[in-house]
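Enquirer: Fold the following, please.
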Amino acid sequence: MTSDSALPESAPALVVPRHGGSDVLEVRDEPTPEPGEGQVLVRVAAAGVNFIDVYQREGVYPIDTPFVAGNEGAGEVVAVGDGVSDVVVGDRVAWGQGLGSARAYAAVDTTNVVHVPAGIELETAAAAMLQGLTAHYLATSTYAVQQGTVALVHAAAGGVGQLLTQMVKLLGGRVIATAGSEEKLATARERGADETINYAEVDDLAAAVCDVTDGRGVDVVYDGVGKDTFEASLGSLRPRGLLVVYGAASGQVPPFDLQELNKGGSLYVTRPTLGAYVATPEELRARASELFGWIESGDVEVTIGGRYPLTDARTAYDDLEGRRTQGKLLLVP
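Expert: Alright, predicted model coming up:
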């Protein structure tokens, strides 16, 4: 193992001691991990705050407790484990899938890391990985947006929503954006949304979408809200349209009758996950390369909506779950 000899024996980490709400989170000094075979140890510059962390903390995605929270981050490599040849001490790297990222030093599998270009700040890279790669696969693969695609993007002022809006426009599509306040709708318009709908002010969201599309409906709905918008999302689709439920900010979608898809005109529903779309290191790096290229060129802008010290992690997650924020939230160890 090659390492930085000045590494501390222990350093702060955000621990989930038992499943529950944000009140269970604890910041503890934990032993600095050693990178195992195929891993690198990273001095974390920033860790992302994401709903997957909430699902893991609550036990929706079962993980044995206690565990260190966080799945996403960026920083500088300070040690490498056995068998690592493509990453060296001093490299700037980022990742979107690495449980235990909300800490000062994180051990990450090299299959999950990408090199950060010199023109991109580490905080921007941390903010871009999970949500940026999610937006990338949603817009290029789950439903491959092309010229003339009409897309409904829920929570368009959120981290994924802002990125999705920009990517759909970059790929030639039209965006109908929803959000719950005029301030958030203004953000969606700044990111390129063609039309906006305040879902807090309409009685029938699906009818509002159909009005905007002259009764046609949309080709695809990107829905990270879940339970509260699911029925309206189905009702907003054109025949043979696709509903992409990629998150559940309002709660998990309950079981529903598949005949509803028949009634709507042979509709499709999918519940994708990032892991299935970066299933190999080659696919991960190809997506990250295109994403970073869009960021460097200015075609896609990453908005950091808040920076929190590790000791304020509860506030960060409360803000995320309360949908009080715009853009990406980061923990800074």
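
Enquirer: tell me the contacts of Thr229?
Expert: Thr229 makes contact with His154, Thr178, Tyr199, Leu205, Asp223, Ser250, according to Cβ atoms under 8 Å, 6 or more residues apart in numbering. (Each C-beta comes from the backbone N, C-alpha and C, glycine too.)

Enquirer: at 6 Å instead, please
Expert: By Cβ atoms under 6 Å, 6 or more residues apart in numbering, Thr229 lies in contact with His154, Asp223.

Enquirer: what separates it from Gln326, distance-wise?
Expert: Look at Thr229 and Gln326: by Cβ to Cβ, to the nearest Å, they are 18 Å apart.

Enquirer: So which residues of the stretch 201-333 of the chain form helices?
Expert: Taking DSSP state H, counting those that start in this stretch, the helices of the stretch 201-333 of the chain run over residues 205-212, 230-235, 259-263, 274-277, 281-297, 313-321.

Enquirer: quick one, which of the ones you listed is nearest to Val114?
Expert: helix 281-297 (4.2 Å; Cβ to Cβ).

Enquirer: right, and Gly224 touches Val153 too?
Expert: No - in this structure Gly224 lies outside contact range of Val153 using Cβ atoms under 6 Å: 8.9 Å.

Enquirer: Determine which member of the two has the greater number of neighbouring residues.
Expert: Neighbour count, other Cβ atoms under 10 Å: between Gly224 and Val153, Val153 has more, with 34 against 25.

Enquirer: Okay, and the beta partners of the more buried one?
Expert: Ala177, Tyr222 (DSSP bridges).

Enquirer: Could you measure from the closest residue to Gly224 other than its chain neighbours over to Arg238?
Expert: Distances taken as Cβ to Cβ, 6 or more residues apart in numbering put Gly247 closest to Gly224, at 3.4 Å, once the chain neighbours are dropped. Look at Gly247 and Arg238: by Cβ to Cβ, they are 23 Å apart.

Enquirer: Nearest to Leu171, out of the helices of the stretch 201-333 of the chain?
Expert: When the helices of the stretch 201-333 of the chain are compared for distance to Leu171 using Cβ to Cβ, the nearest one is helix 281-297, at 10.5 Å.

Enquirer: isn't the residue nearest to Gly224 right next to Tyr222, touching?
Expert: No - between Gly247 and Tyr222 there is no contact under Cβ under 6 Å: 9.5 Å.

Enquirer: circling back: neighbours of the residue nearest to Gly224, how many?
Expert: 22.

Enquirer: Kindly state the pLDDT recorded for it?
Expert: At Gly247, the model reports a pLDDT of 89.

Enquirer: gap between stretch 285-297 and the chain center?
Expert: What separates the centre of stretch 285-297 from the centre of its chain is 15 Å, taken as Cα atoms, centre = their mean, to the nearest Å.

Enquirer: send the alpha carbons of it over as CSV?
Expert: Output in CSV follows, covering the C-alpha atoms of stretch 285-297 (Å, rounded to 0.1, in the frame of the first residue of the first chain):
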residue,chain,number,x,y,z
ARG,A,285,-16.4,6.4,-17.1
ALA,A,286,-18.0,7.0,-20.5
ARG,A,287,-21.0,8.7,-18.8
ALA,A,288,-18.8,10.7,-16.5
SER,A,289,-16.7,11.8,-19.4
GLU,A,290,-19.6,13.2,-21.3
LEU,A,291,-21.1,14.7,-18.2
PHE,A,292,-17.8,16.5,-17.2
GLY,A,293,-17.5,17.6,-20.8
TRP,A,294,-20.9,19.3,-20.7
ILE,A,295,-20.0,20.9,-17.4
GLU,A,296,-16.6,22.2,-18.7
SER,A,297,-18.2,23.6,-21.9
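
Enquirer: buried ones in that stretch?
Expert: Within stretch 285-297, the residues scored as buried using 16 or more other Cβ atoms under 10 Å are Arg287, Ala288, Leu291, Phe292, Trp294, Ile295.

Enquirer: got those as TSV, with distance to Trp95 and pLDDT columns?
Expert: What follows is these, written out as TSV (distance: Cβ to Cβ, whole Å; pLDDT from 0 to 100):
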residue	distance to Trp95	pLDDT
Arg287	13	98
Ala288	10	97
Leu291	13	98
Phe292	13	98
Trp294	19	98
Ile295	16	97
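
Enquirer: which two in the residues you listed are spaced the farthest apart?
Expert: For the buried residues of stretch 285-297, and using Cβ to Cβ, no pair is farther apart than Arg287 and Ile295, which are 12.6 Å apart.

Enquirer: Roughly how far does the residue positioned nearest the centre of the chain sit from Gly159?
Expert: In the chain, the C-alpha nearest the mean C-alpha coordinate belongs to Gln131, at 2.6 Å (Cα atoms, centre = their mean). Going from Gln131 to Gly159 by Cβ to Cβ gives 4 Å.

Enquirer: next one: Asp91
Expert: To Gly159, Asp91 is 26 Å away according to Cβ to Cβ.

Enquirer: What residue, apart from its backbone neighbours, is nearest Thr149 spatially?
Expert: Using Cβ to Cβ, 6+ apart and skipping the chain neighbours, the partner closest in space to Thr149 is Gly173 (3.9 Å).

Enquirer: So what does Gly83 have for phi and psi?
Expert: Taking degrees, to the nearest 10, you get phi 80, psi 10 for the backbone angles of Gly83.
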